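S.K.: no sequence for this one, just the structure:
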């Protein structure tokens, strides 16, 4: 006999109040046990997404690296990078003000002193003179060619010489990312291809006078 389940009254005050409450969970990222608060409306609010989990297994940063997390969401990558590079600084950006709010909440929750999140549409609101050692992004699955062109060319501008960019995408975009990283940076490396996601990497090569 099949067990019968009572339907949930989605209009009940108790159900709605539960939805409005923050979700909180812990996750190991970058060798650190971290705690996150999230809310509905932010990408992957109940757990760290598989793309981020894969990326954080393979990314390498120096202890004094200055890092930039593009499209930070509630901050899992940026917070983990801040722990991995305690002598550097981490700037996280997102165009969603709720994401920025929760990224900064998670900076405080994890007692991180060297990271902050600000509102920015890509690099549009970043000081043109700022430079980073590492730029990281969990690229949206439906990124368009126009946005990608802006993102990669801006990333190259904001990287220091020999600076590095790590991008995690769905596997369906891996060849697309390869072509565009080669076009903009002149080099490309596939760090890891998992079941559903690929980590792409490029380096800003130093410009030498002839």
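M.R.: Yes, it's here. Just so it is clear, the model here is predicted, and its values are computed rather than measured.

S.K.: List the buried residues for stretch 172-185?
M.R.: 173-174, 177-178, 180-181, 184-185 (16 or more other CB atoms under 10 Å). Where C-beta positions appear, they are placed from N, C-alpha and C, glycine not excepted.

S.K.: Let's have these in TSV, adding pLDDT and distance to residue 96.
M.R.: Shown next, in TSV, are the buried residues of stretch 172-185 (pLDDT from 0 to 100; distance: CB to CB, whole Å):
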residue	pLDDT	distance to residue 96
173	92	21
174	93	26
177	93	23
178	96	28
180	95	24
181	97	26
184	96	26
185	97	28
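
S.K.: how about those residues in CSV, adding secondary structure and distance to residue 125?
M.R.: Listed next are those as CSV, based on DSSP: H, G, I helix; E, B strand; the rest coil; distance: CB to CB, whole Å:
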residue, secondary structure, distance to residue 125
173, helix, 26
174, helix, 30
177, helix, 25
178, helix, 29
180, helix, 23
181, helix, 24
184, helix, 21
185, helix, 23
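
S.K.: What helices and strands are in contact with the particular helix or strand that has residue 36 in it?
M.R.: Assigned by DSSP states H and E, residue 36 belongs to strand 32-38. Contacts defined by 3 or more CB pairs under 8 Å, 6 or more residues apart in numbering; DSSP states H and E place strand 32-38 against strand 23-29, helix 76-84, helix 97-109.

S.K.: and the longest one with strand 32-38, angle?
M.R.: In this case it means helix 97-109. 140 degrees (axes from the mean of the first three to the mean of the last three CA atoms, to 10 degrees).

S.K.: Contacts for helix 97-109, please.
M.R.: Contact with helix 97-109 is made by 34-39, 41-43, 72-76, 78-79, 82, 92-94, 115-119, as judged by CB atoms under 8 Å, 6 or more residues apart in numbering.

S.K.: hmm, 7 Å instead?
M.R.: Helix 97-109 is contacted from outside by 35-39, 41-42, 72-75, 78-79, 92, 94, 115-119, using CB atoms under 7 Å, 6 or more residues apart in numbering.

S.K.: So residue 40 belongs to a strand, correct?
M.R.: No. Counting by DSSP: H, G, I helix; E, B strand; the rest coil, residue 40 is located in no strand; its state is coil.

S.K.: Just the pLDDT for it.
M.R.: Confidence at residue 40, expressed as pLDDT, is 85.

S.K.: Run a quick neighbour tally on it.
M.R.: Using other CB atoms under 10 Å, residue 40 has 12 other residues around it.

S.K.: cool, residue 170 as well?
M.R.: 16.

S.K.: hang on, the earlier thing: report the buried members of the contacts of helix 97-109.
M.R.: Buried among the contacts of helix 97-109 (16+ other CB under 10 Å): 36-39, 42, 72-75, 78-79, 92, 94, 115-117.

S.K.: and which of those residues is nearest to residue 63?
M.R.: residue 115 (14.3 Å; CB to CB).

S.K.: Roughly how far does the closest one sit from residue 56?
M.R.: In this view, residue 115 and residue 56 are 15 Å apart by CB to CB, to the nearest Å.

S.K.: host element of residue 51?
M.R.: helix 50-58.

S.K.: what's the angle between that helix and strand 32-38?
M.R.: Going by the same axes, to 10 degrees, helix 50-58 makes 160 degrees with strand 32-38.
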